[in-house]
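Student: Mind folding the following:
(2 chains)
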Amino acid sequence: MGGRESTLVLLDKNGIRCDGRKVNEPRKIMIKAGVLKNADGSAYIEFGDNKILAGVFGPRDVHPKHLSNTDTGILRCRYHMSPFSVTERKNPAPSRREIEISKVIKEALQPSLMLEKFPRTVVDVFIEVLQADGGSRCAAIDAASVALADAGIPMRDMVCACAAGKVADTIVLDVNNEEDQAGQADMPVGYMPNLDKVTLLQLDGVLTRDEYKKCIDTAIGGCKLVYQIQKKALTDKFFENGGNQ
Amino acid sequence: MQDDKKRYVIPGDVITTGPYRPDQNVTLYGNHIIATVIGISEISDDSVRVIPLTGMYIPKSSDLVIGKVVSHTSLSWEVDINSCYVGILPAADVFGRDFSAHADELTSKLDKGDLIAARIVNFDRTRDPLITIADRELGKIESGTLIKISPSKVPRLIGKRGSMIQTIEMATHAVITIGQNGLIVVSCDDSNGLLKAIKAIRMIEEQAHMANLTDKIKEMLESR
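Tutor: Predicted coordinates:
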């Protein structure tokens, strides 16, 4: 059940997906930390065909002042898709979807940040999607997390995110755009690998209990792969000689 | 750094699980001591801390900082100290005890845009940091070149017991005032010395993570 009618073969009899990947294989991921000079922290991610920039400012003064909290710092997130990020020009004004994803990303990152150390301040995270190809919210969280670490904002753990889904009655890791459109379920998961905590869990579609369990395990497995890449991105920037002197 | 005591860490890395006291930039989760910033972890005696490699300046009592006056009220100046909080310099600190809000004009002593060397008197999470310029080496900075570096690299610029900064000062005859907030004022009569000192500071900022940097700086200063 679920999914749109499509002539695309999502999963062939050898277990190879429409883009040539195996069932539990993520797309190619590349992260680079510290790409923007003017931001306090920044990161660029290529997650398959997703290309996303994240910039972090702060902690800094809150404007407008009434938003500030005397007990703790606050986090603001803006997820924005460039007009050229999709095949048909996207209106640059924030859409309903972007506002929602901004909120979801904010709530996925918040548990990792120790903002109580900076009362009356704000940390701003700006995420710009340059090219979108399904699963951009996960890629955005991955980039934002690296950018926050690059900015030196105290964090309990990195947040890594990866989706899993159900395509042609099979649970697969890292759903791409075609699978998202024609597949049966899509489940983005945000995860803190060292604390073993889930910070984001969404599910679009219908799964049985067993499928749900398998899906979340698959997604967490993907998150752990992403974590290694995030770690490498930060290590490359800060400890050029590979982490050990 | 192969030994257990010093290690490169990123947020979330478990440094140790022993009965240690969590010091700077670490947090306790269960019995794990976890790094909260990117940096170098250090286990010394009974405590664990991480020396950060990035991040913003967080005011600390008795730190020397360099700031720029951004505005004033009738009772105090507001000073940008390159942090997420503005420094508050009370007028009574400059005019003395007999300061009167209607008789004394604050701009007569310090105006918007003036650079000052100040010391942080008091800072806690409920109020903005209170600063003072009432000390011998503090006050308005009249001349010099302002350089901004990352506050996390200031300890490296100073060096062990001031060795690095002394090396630069001796070789270039420049007078260097370092604020803990990453702002530095260099003044030198000799323009060559000034350029050299600035070059050395920039070099330290770029290569802060490298070993035997003092020797490299010495070499650079001695050339030409």
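Student: Mind giving me the packing neighbours of the lowest-mean-pLDDT helix or strand in chain A?
Tutor: Counting by mean pLDDT, DSSP states H and E, chain A has its least confident helix or strand at helix A:177-182, which shows a mean of 90. Using 3 or more CB pairs under 8 Å, 6 or more residues apart in numbering or on different chains; DSSP states H and E as the contact test, the elements touching helix A:177-182 are strand A:160-167. Bear in mind the C-beta positions are built from the backbone N, C-alpha and C, glycine included.
Student: Next secondary structure after the strand it packs on?
Tutor: strand A:170-173 (DSSP states H and E).
Student: can you pull the contacts of B:S76?
Tutor: If a contact means CB atoms under 8 Å, 6 or more residues apart in numbering or on different chains, then B:S76 has B:I88, B:L89, B:P90, B:A91 as its contacts.
Student: List buried residues within those residues.
Tutor: Among the contacts of B:S76, those that count as buried by neighbour count (16 or more other CB atoms under 10 Å in any protein chain shown) are B:I88, B:L89, B:A91.
Student: if I pick the last one, what's in contact with it?
Tutor: Right, B:A91. Under the criterion of CB under 8 Å, 6+ apart, the contact list for B:A91 reads B:H72, B:S74, B:L75, B:S76, B:W77, B:F99, B:A101, B:D104, B:L106.
Student: In chain A, mark out all the strands, start to finish.
Tutor: Listed from the start of the chain, chain A has strands (DSSP state E) covering A:29-33, A:41-47, A:50-61, A:74-81, A:121-131, A:160-167, A:170-173, A:185-192, A:197-201, A:204-205.
Student: coming back round to it: least confident pick among the contacts of B:A91?
Tutor: Summarising pLDDT for the contacts of B:A91: the lowest-scoring member is B:A101, with 81.
Student: Double-check that one against B:P90; I have them as touching.
Tutor: No - in this structure, B:A101 sits apart from B:P90 without contact. The criterion is CB atoms under 8 Å, and the distance is 11.3 Å.
Student: So which bits of the least confident helix or strand of chain A are buried?
Tutor: Along helix A:177-182, these residues count as buried under the neighbour rule (16+ other CB under 10 Å): A:N177, A:E178, A:E179, A:D180, A:A182.
Student: Nearest to chain B among those?
Tutor: Of all the buried residues of helix A:177-182, A:D180 has the smallest distance to chain B: 29.1 Å, by CB to the nearest CB.
Student: doesn't A:G134 make contact with that closest one?
Tutor: Yes - assessed by CB under 8 Å, A:D180 is found in contact with A:G134 at 4.4 Å.
Student: remind me which residues of chain B are low pLDDT?
Tutor: Counting by pLDDT under 70, chain B has low-confidence residues at B:1-4, B:224.
Student: Now whichever residue of it sits closest to chain A. Its backbone dihedrals?
Tutor: Of all residues in chain B, the one sitting closest to chain A is B:G55 (2.5 Å; CB to the nearest CB). With angles defined as degrees, to the nearest 10, B:G55 shows backbone torsions of phi 130, psi 170.
Student: count of neighbours near the closest residue to it other than its chain neighbours?
Tutor: Across the structure, with CB to CB, 6 or more residues apart in numbering or on different chains as the measure, the residue nearest B:G55 apart from its sequence neighbours is A:G152 (2.5 Å). For A:G152, the count of nearby residues is 25 (other CB atoms under 10 Å in any protein chain shown).
Student: In contact with A:G152, which residues?
Tutor: Each residue near A:G152 by CB under 8 Å, 6+ apart is listed here: A:D40, A:G41, B:V37, B:I38, B:P52, B:L53, B:T54, B:G55, B:M56, B:S152.
Student: ok, the first one - how many residues close by?
Tutor: The tally of other residues near A:D40 (other CB under 10 Å) stands at 22.
Student: got the contact list for it?
Tutor: Residues in contact with A:D40, defined by CB under 8 Å, 6+ apart, are A:V56, A:F57, A:G58, A:A151, A:G152, B:M56.
Student: how does it look with 6 Å?
Tutor: A:V56, A:F57, A:A151 (CB atoms under 6 Å, 6 or more residues apart in numbering or on different chains).
Student: which among the residues you listed are in contact with chain B?
Tutor: For chain B, no contacts are drawn from the contacts of A:D40 by CB under 6 Å from any CB of the partner chain.
Student: distance of whatever residue of chain A ends up closest to chain B from B:T36?
Tutor: Closest contact between chain A and chain B, by CB to the nearest CB, is at A:G152 (2.5 Å). As defined by CB to CB, to the nearest Å, A:G152 lies at a distance of 10 Å from B:T36.
Student: Just say which of the strands of chain A is most tucked in.
Tutor: Stretch with highest mean neighbour count among the strands of chain A: strand A:160-167 (a mean of 28; mean count of other CB atoms under 10 Å in any protein chain shown).
Student: three-state assignment of the most centrally placed residue in chain B?
Tutor: For chain B, the residue sitting closest to the mean C-alpha position, by CA atoms, centre = their mean, is B:Q180 at 1.2 Å. Local secondary structure at B:Q180 is given as coil here, using DSSP: H, G, I helix; E, B strand; the rest coil.
Student: Touching, it and B:S62? I think so.
Tutor: No - under the criterion of CB atoms under 6 Å, B:Q180 makes no contact with B:S62, lying 9.6 Å away.
Student: Can you name the residues bridging to B:R7?
Tutor: With DSSP bridges as the criterion, the beta-bridge partners of B:R7 are B:S41.
Student: thinking again about what came up before, where's the closest residue to the residue nearest to the centre of chain B other than its chain neighbours relative to B:A211, distance?
Tutor: By the measure of CB to CB, 6+ apart, the closest residue to B:Q180 outside its immediate chain neighbours is B:D63, 4.1 Å from it. As judged by CB to CB, B:D63 and B:A211 stand 27 Å apart.
Student: For stretch A:202-212, list the C-alpha coordinates in PDB.
Tutor: Extracted in PDB, the C-alpha atoms of stretch A:202-212 (Å, rounded to 0.1, in the frame of the first residue of the first chain):
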ATOM      1  CA  GLN A 202       9.200  11.400  11.600                       C
ATOM      2  CA  LEU A 203       7.300   8.800   9.600                       C
ATOM      3  CA  ASP A 204       5.400   9.400   6.400                       C
ATOM      4  CA  GLY A 205       3.700   6.200   5.400                       C
ATOM      5  CA  VAL A 206       2.400   3.000   7.000                       C
ATOM      6  CA  LEU A 207       4.600   0.300   8.500                       C
ATOM      7  CA  THR A 208       3.800  -2.800  10.600                       C
ATOM      8  CA  ARG A 209       5.400  -3.000  14.000                       C
ATOM      9  CA  ASP A 210       8.200  -5.300  12.800                       C
ATOM     10  CA  GLU A 211       8.800  -3.100   9.800                       C
ATOM     11  CA  TYR A 212       8.900  -0.100  12.100                       C
END
